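> mind looking at a prediction? Sequence and model below.
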Amino acid sequence: MTLHLSERPITTHTIIKHVTTLLTLSALTFPPVSFAEIYRWTDEQGKTHFSEHPPEDQVPSEEISSQLSPLNRDSSKGETKKLQQLFKGATPEEQAHQQQEKTIQQQQDQKMAQACNKARQQLKTITGRVFFMDDNGKEVVVTEKERKQRAQRLEQEIRRRCR
């Protein structure tokens, strides 16, 4: 008695596509933001200093964070439109392919669940006192050792393949 459970291979193309989508969405959703306060002061020698912390001595300082604009930020509409075009989402063909992959995965998951249920039922059946019959309805003599081996194989298969 052999139990066969099919597995759907995950392709490199699928993984790359999902990782790229995730990274793109992360970059667009969570842009880098700086919350540090910036202080400016002039020391006794007339030298101007900038720091995230106010000076330790009693030198007067000014918090200037609100006066500064973020660095490395392109607010031009042209660049924004280019990025939106580049990351506008899946084409109808890609959406159809994704739906087809989803349907195939659901079918395979359903087959796997059925196979697992069948294996669990078979294990439950052969755990107690049982006798085996062939396709013609004749009793097949199986030793206790063979019965235990079959049960162990089913347990291993269930642990390996079933959730």
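Received the coordinates, thanks.

> ok, which stretches of this protein are strands?
Applying DSSP state E to the chain gives strands spanning 39-42, 48-51, 62-63, 132-133, 139-140.

> now stretch 127-145 - C-alpha only, CSV.
The C-alpha trace of stretch 127-145 is given here as CSV (Å, rounded to 0.1, in the frame of the first residue of the first chain):
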residue,chain,number,x,y,z
THR,A,127,-4.6,0.9,14.4
GLY,A,128,-6.9,-1.7,16.0
ARG,A,129,-7.7,-5.3,15.2
VAL,A,130,-8.3,-5.5,11.5
PHE,A,131,-8.2,-7.9,8.6
PHE,A,132,-7.4,-7.0,5.0
MET,A,133,-9.3,-8.0,1.9
ASP,A,134,-8.0,-8.0,-1.7
ASP,A,135,-10.0,-6.6,-4.7
ASN,A,136,-11.8,-9.9,-5.1
GLY,A,137,-13.1,-9.8,-1.5
LYS,A,138,-10.8,-12.6,-0.3
GLU,A,139,-9.1,-12.2,3.1
VAL,A,140,-5.4,-11.4,2.9
VAL,A,141,-3.3,-12.6,5.8
VAL,A,142,-1.2,-9.8,7.2
THR,A,143,1.0,-10.3,10.3
GLU,A,144,1.0,-8.0,13.2
LYS,A,145,4.4,-6.9,12.2
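
> what residues does that stretch touch?
Outside stretch 127-145, the residues within contact range by CB atoms under 8 Å, 6 or more residues apart in numbering are 147, 150-151. The way it works is simple: take the backbone N, C-alpha and C, and place the C-beta from them, glycine included.

> one more time with 10 Å
1, 125-126, 146-151, 154-155 (CB atoms under 10 Å, 6 or more residues apart in numbering).
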